[in-house]
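K.L.:
pasting a predicted model and its sequence here:
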Amino acid sequence: MPAAAFNSADFKVFDVKGFRPRMDVIRRRIRPKLEAMGHTLLPAVSRATGGPAFAHVARHARRSVNPPDDTWVAFGPDTRGYKKHGHFKVAVSRHCVRFLFEIGPEHADKKRWVGAWKRSAGKLGPVLRRVRGLAWFKNEHDEAPATPLGDLTPDHLAELADELTRTRDGQFVLGRAVPAEEAARWTEAQYRTAALETFRMLAPLYRLRS
């Protein structure tokens, strides 16, 4: 099994022009590392979330023209897929690696999750705001976060979940980004540490129930 760590050449995959050429390189270089990362992290993710978890490596099956600007391994509670549930993600793109918690556009019941978050935000928000590097991302594919959580008031942090129901494609994404220049020097152990530190801090959101 390949090492679950990316080097500088891996990030340059996203410079490859054209759908088919880029997808070919993603399948050859990146996907095996994401599969290894999923295998390596899964037991600890299951322990952090307190229940069964399953790793899902992106296939980009809906794409046929525009090449993806990022790819990922996601961790969710359903063996059939992750998009209808809150999930963790390790995503790699041209300029960074991101460690994320997401409630995505296809979540099974966004309105009920928003209610659960707002009931819990008074307790969880202050803790999350103190975690160095945690930020809010407007979109799951954005490389740069919109706002560090520490810059948000507790009320504003609670209100971020309203983005889920404001539009059909609404989503709620928290996590941290590590620049490619730094991540390319990391060992597999450093990736594991960064992922699990982030996921453990965000595990209460994963466990929220409506």
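P.N.:
Arrived safely.

K.L.:
burial of residue 32, as a residue count?
P.N.:
For residue 32, the tally of surrounding residues (other Cβ atoms under 10 Å) stands at 15. Glycine gets a C-beta too; all of them are placed from N, C-alpha and C.

K.L.:
burial count for residue 137?
P.N.:
Residue 137 is flanked by 22 other residues according to other Cβ under 10 Å.

K.L.:
and the helices in this protein?
P.N.:
Along the chain, counting by DSSP state H, helices occupy 8-11, 19-25, 31-49, 110-129, 154-159, 163-166, 180-183, 188-206.

K.L.:
okay if I get the ones you listed as CSV plus distance to residue 145 and mean pLDDT?
P.N.:
Formatted as CSV, the helices of the chain follow (distance: least, Cβ to Cβ, whole Å; pLDDT from 0 to 100):
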stretch, distance to residue 145, mean pLDDT
helix 8-11, 18, 97
helix 19-25, 25, 95
helix 31-49, 21, 96
helix 110-129, 13, 92
helix 154-159, 13, 90
helix 163-166, 14, 90
helix 180-183, 15, 97
helix 188-206, 13, 96
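
K.L.:
which of those sits closest to residue 142?
P.N.:
Between residue 142 and these, the shortest gap by Cβ to Cβ is with helix 163-166, which sits at 12.9 Å.

K.L.:
returning to what we had before: which one of the helices of the chain lies closest to residue 85?
P.N.:
With Cβ to Cβ as the measure, helix 188-206 is the member of the helices of the chain nearest residue 85 (8.7 Å).

K.L.:
dump the closest one to PDB, restricted to CA.
P.N.:
In PDB, the C-alpha atoms belonging to helix 188-206 read as follows (Å, rounded to 0.1, in the frame of the first residue of the first chain):
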ATOM      1  CA  GLU A 188       2.400  10.000   6.900                       C
ATOM      2  CA  ALA A 189       2.400  10.300  10.700                       C
ATOM      3  CA  GLN A 190       2.100  14.100  10.400                       C
ATOM      4  CA  TYR A 191      -0.900  13.800   8.100                       C
ATOM      5  CA  ARG A 192      -2.500  11.300  10.500                       C
ATOM      6  CA  THR A 193      -1.900  13.700  13.400                       C
ATOM      7  CA  ALA A 194      -3.300  16.700  11.600                       C
ATOM      8  CA  ALA A 195      -6.400  14.900  10.400                       C
ATOM      9  CA  LEU A 196      -7.200  13.300  13.700                       C
ATOM     10  CA  GLU A 197      -6.600  16.500  15.800                       C
ATOM     11  CA  THR A 198      -9.100  18.300  13.500                       C
ATOM     12  CA  PHE A 199     -11.700  15.600  13.400                       C
ATOM     13  CA  ARG A 200     -11.600  15.100  17.200                       C
ATOM     14  CA  MET A 201     -12.300  18.700  17.800                       C
ATOM     15  CA  LEU A 202     -15.200  18.700  15.300                       C
ATOM     16  CA  ALA A 203     -16.500  15.200  16.300                       C
ATOM     17  CA  PRO A 204     -19.400  16.800  18.400                       C
ATOM     18  CA  LEU A 205     -20.800  18.200  15.200                       C
ATOM     19  CA  TYR A 206     -20.500  14.800  13.500                       C
END
